[in-house]
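>>> I would like the atomic coordinates for the input below:
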Amino acid sequence: MRRRAIFTLFGGAALFLHIMLGNAAVALADAVVERLSLPESIDFNGESYRLSWSSHPTTAYYKQEYLPSGQTNDRFQRMVMVEAIVRGADVNGAVSAQVGMLNKRKATDPTVNFAIVKNDRSGEVILDFILSAKDPKGDDIVEWNAYRYSSLKGKGGEAGVLLFAISRRAYGDGTSDFLRKLKSTRPAEINALAAYPLPAVRPKD
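From the prediction side, this is the model:
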């Protein structure tokens, strides 16, 4: 298995959806190109994350991932993601598509669980969810994600969506301890995500 925080943004029927075992061919093919006019590194909750992977799979969709020093996309423990759809998307539609995919995944992944927090004043939504998979060797992978969705004024003034997200992952024998600790670490991580100043993205081809 190569990377993928189990869900990511994609236009059409599956907005902001990372599938853990998917997109490997795209990941291998794309170079790391900064396309959102952001710094090469992002500081979040006291830790620095550096741009490690990027993709521009459609004219309207941009994806960038950031990792701490010493971690790799093949086997990371912590990740920050910034993604944008610059037209034809809205927050409610993106969240609904994500929730739909999570509900569908429940049929094959009993670990799936999620919660939604809406900010009526800003229109932002935070969706946090947990799910699992196995790597090609059969070892367990458990991943927790928190996605913060915000409206984005895209190209030509069209409505779009910005995603700022965090992903946390554990492997093999470490998954049980990861799940136990998540009960206490999850609230602080979500609060940090909610308070984080969203980056001013300016997509470029």
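>>> quick one: low-confidence parts of this structure?
Residues of the chain meeting the criterion pLDDT under 70: 1-31, 154-155.
>>> just the helices in it please.
Counting by DSSP state H, one finds helices in the chain at the ranges 24-29, 91-105, 175-195.
>>> JSON lines for these, including distance to Gln77 and mean neighbour count?
For every residue, glycine as well, the C-beta is placed using N, CA and C. Formatted as JSON lines, the helices of the chain follow (distance: least, C-beta to C-beta, whole Å; neighbours: other C-beta atoms under 10 Å):
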{"stretch": "helix 24-29", "distance to Gln77": "18", "mean neighbour count": "12"}
{"stretch": "helix 91-105", "distance to Gln77": "22", "mean neighbour count": "18"}
{"stretch": "helix 175-195", "distance to Gln77": "9", "mean neighbour count": "13"}
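>>> JSON lines please, covering the ones you listed and showing distance to Tyr149.
Listed next are the helices of the chain as JSON lines, based on distance: least, C-beta to C-beta, whole Å:
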{"stretch": "helix 24-29", "distance to Tyr149": "22"}
{"stretch": "helix 91-105", "distance to Tyr149": "5"}
{"stretch": "helix 175-195", "distance to Tyr149": "11"}
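>>> which among these is found nearest to Leu67?
Each of the helices of the chain was scored for nearness to Leu67 using C-beta to C-beta, and the closest is helix 24-29 (13.2 Å).
>>> out of everything not next to it in sequence, what's closest to the residue of the chain most remote from its centre?
Here the chain reaches farthest from its C-alpha mean at Gly156, the gap being 25.7 Å by C-alpha atoms, centre = their mean. Distances taken as C-beta to C-beta, 6 or more residues apart in numbering place Arg87 nearest to Gly156, at 7.3 Å, with adjacent residues excluded.
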